[in-house]
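give me a model of this one.
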Amino acid sequence: MSKKLAVIALGGNALLRGNQVGTIEEQEQNTTDTLENLIFLLREGYDLVITHGNGPQVGNILMQNDAGEQMYGIPQMPLDICVADTEGGVGYMIERMFRNVLNRHGINKNVVCLITTVVVDKDDPAFNDPQKRVGEIYTREHAEELAKAKGWIFKEEVKAHGGFRRVVPSPRPMCIMNHDLIGELARKGNIVIASGGGGVPVYIDENNEIRRAEVVIDKDLASSLLASKIGADEFYILTDIPYVYINYKKPDQEVKEFLDYKDAMKYLNEGQFAKGSMAPKIEACLNFVKSGGRQCVITEAFQLEDRSYGTRITMEYEQATGSSDENSSHYGS
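Next up is the predicted model:
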């Protein structure tokens, strides 16, 4: 059986659903349900690298930091440390749940979680245009106090019935540290959990020293870069919808089961995909196939094994389907 390497990006819905409060029991059950969907890939001879989101988890840590400082005078930790905390915590949970799933299926494999550092460019234009909202919502007065004391930048939360929320830059990932080690471990049959939450953000200064960055890295772009760097064959993004759509939630909404690079780029440039949700996923897939990856699949977190679901993205339709027929529903081969 030929071995293939796949990178699986677990979105927020794979760990925590929108109608849940976020207890550890809820997250463990969601994680287990998602990981059960990956067993068929192992049966088909895939080596796996798993990445994950951390939005709710890092937000909770930031709020805990704020409460600790206000109530007990405990100094707040910077954003990179908070991301590293979630990489460790969420990664441990995924590792433990996956070991239990493997045990139930009689599969003997190592599962290892690596805290992954991701380098950004300190001259990235995003540093001058912070847009990513993090942490809790403050009153105007409190936000102004924090801005003065800590140099934080805030934007008004119109959709959340008022208040102000901290915003930070979201620069593009440039380098995944230890990507060669991640690839080596995976190709030896180990299941590797890496680049959680986009990775711990750092930059390289003029003395070639590693410095922490108060930024958030898009998890899908970082996962795509990792997949490309380790030469993965396939890249899966597990989210909360079964397909990619154009004209989403409009009367003329249309499912796209297959997209080639040209059409996906056209739809992206037309603004068909929301900037804060589907657009970075499409961009991540385009980056991967452009760098030589065979295919990407975007699908619902608990439907991966059902091959009638999911949107498949490749460089050309012929590569995706074996012909120009877009109606085939089989995305695995």
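
please count neighbours and contacts with C-alpha atoms only from this point.
Will do.

how does the protein divide up, domain by domain?
In terms of domains, the chain is parsed into 4-120+175-321, 130-168 (source: automatic domain parsing).

quick one: the shortest one to chain centroid distance?
Looking back up the chat, that one is domain 130-168. Using CA atoms, centre = their mean, to the nearest Å, we find the averaged C-alpha position of domain 130-168 to lie 24 Å away from the chain's own average C-alpha position.

now do the first one
The offset between the C-alpha centroid of domain 4-120+175-321 and the centroid of the whole chain comes to 3 Å, using CA atoms, centre = their mean.

can we start the residue count at 47 from this point?
Noted, 47 is the first residue going forward, which turns the last one into domain 50-166+221-367.

could the domains of the chain go into TSV alongside mean pLDDT and mean neighbour count?
As requested, these are arranged in TSV below (pLDDT from 0 to 100; neighbours: other CA atoms under 10 Å):
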stretch	mean pLDDT	mean neighbour count
domain 50-166+221-367	94	19
domain 176-214	90	16
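
residue boundaries of the helices in the stretch 97-246 of the chain?
101-118, 125-150, 186-196, 225-233 (DSSP state H, counting those that start in this stretch).

so which of the ones you listed comes closest to Gly242?
Each of the helices of the stretch 97-246 of the chain was scored for nearness to Gly242 using CA to CA, and the closest is helix 125-150 (5.1 Å).

show me what the closest one is packed against.
Using 3 or more CA pairs under 8 Å, 6 or more residues apart in numbering; DSSP states H and E as the contact criterion, the neighbours of helix 125-150 among helices and strands are helix 70-82, helix 101-118, strand 157-159, strand 237-239, strand 246-250.

closest to Glu303 out of these?
Distance to Glu303, taken as CA to CA, is lowest for helix 70-82 among the helices and strands packed on helix 125-150, at 21.2 Å.

can you name the element that comes right after the closest one?
On the C-terminal side of helix 70-82, the nearest following helix or strand under DSSP states H and E is helix 85-89.

go ahead and confirm Gly68 touches Leu62.
Yes. The pair Gly68 / Leu62 is scored as a contact, 6.3 Å apart, by CA atoms under 8 Å.

please identify the helix or strand for Glu329.
If you go by DSSP H and E, Glu329 is part of helix 324-336.

contacts for that helix?
Where contact means CA atoms under 8 Å, 6 or more residues apart in numbering, the residues beyond helix 324-336 that reach it are 264, 266-267, 269-271, 273-274, 281, 283, 307, 310-311, 314, 319, 341-342, 359-361.

in helices, which of these appear?
The helices in this structure, assigned by DSSP state H, contain 266-267, 269-271, 273-274, 307, 310-311, 314 from the contacts of helix 324-336.

now, among those residues, which is nearest to Gly208?
Distance from Gly208 was checked for each of those by CA to CA. The minimum falls on Asp266, at 29.5 Å.

can you name the residues that contact the closest one?
Applying CA under 8 Å, 6+ apart as the definition, the contact partners of Asp266 turn out to be 55, 244, 283, 326-327, 330.

got a list of what the closest residue to Gly137 other than its chain neighbours touches?
Residue nearest to Gly137 in three dimensions, not counting chain neighbours: Cys159, with 5.8 Å by CA to CA, 6 or more residues apart in numbering. When contacts are counted by CA under 8 Å, 6+ apart, Cys159 is found next to 134, 137-138, 141, 238-240.

6 Å instead, please
The neighbours of Cys159, taking CA atoms under 6 Å, 6 or more residues apart in numbering as the test, are 137, 238-239.

quick one on the thing from earlier: next, the angle from the helix holding Glu329 to helix 265-275.
If you take axes from the mean of the first three to the mean of the last three CA atoms, to 10 degrees, helix 324-336 sits at 0 degrees to helix 265-275.

circling back to that earlier point, tabulate the ones in helices among the contacts of helix 324-336 (CSV), appending distance to Phe200.
CSV is the format used below for those (distance: CA to CA, whole Å):
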residue, distance to Phe200
Asp266, 25
Leu267, 25
Ser269, 28
Ser270, 30
Leu271, 30
Ala273, 34
Ser274, 35
Tyr307, 37
Ala310, 34
Met311, 32
Leu314, 28
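
looking at the residues you listed, which one is closest to Gly105?
When these are ranked by distance to Gly105 (CA to CA), Asp266 comes first, at 18.0 Å.

returning to that earlier point: ok, of the ones in helices among the contacts of helix 324-336, which one's closest to Gly99?
When those are compared for distance to Gly99, the smallest value, 8.5 Å, is given by Asp266; criterion: CA to CA.

ignoring the adjacent residues along the chain, who's closest to Glu260?
Of all residues not flanking Glu260 in the chain, Leu125 sits nearest, at 5.4 Å (CA to CA, 6+ apart).

next, work out how far apart that neighbour and Trp198 are.
Taking CA to CA, to the nearest Å as the criterion, Leu125 is separated from Trp198 by 12 Å.

residue nearest the middle of this structure, spatially speaking?
Centrality entry for the chain: nearest residue to the mean C-alpha point is Lys265, 3.2 Å, by CA atoms, centre = their mean.

before we move on, the earlier item: which residues pair with the residue nearest to Gly137 across the strands?
Residues found in beta-bridge contact with Cys159 (criterion: DSSP bridges) are Ile239.
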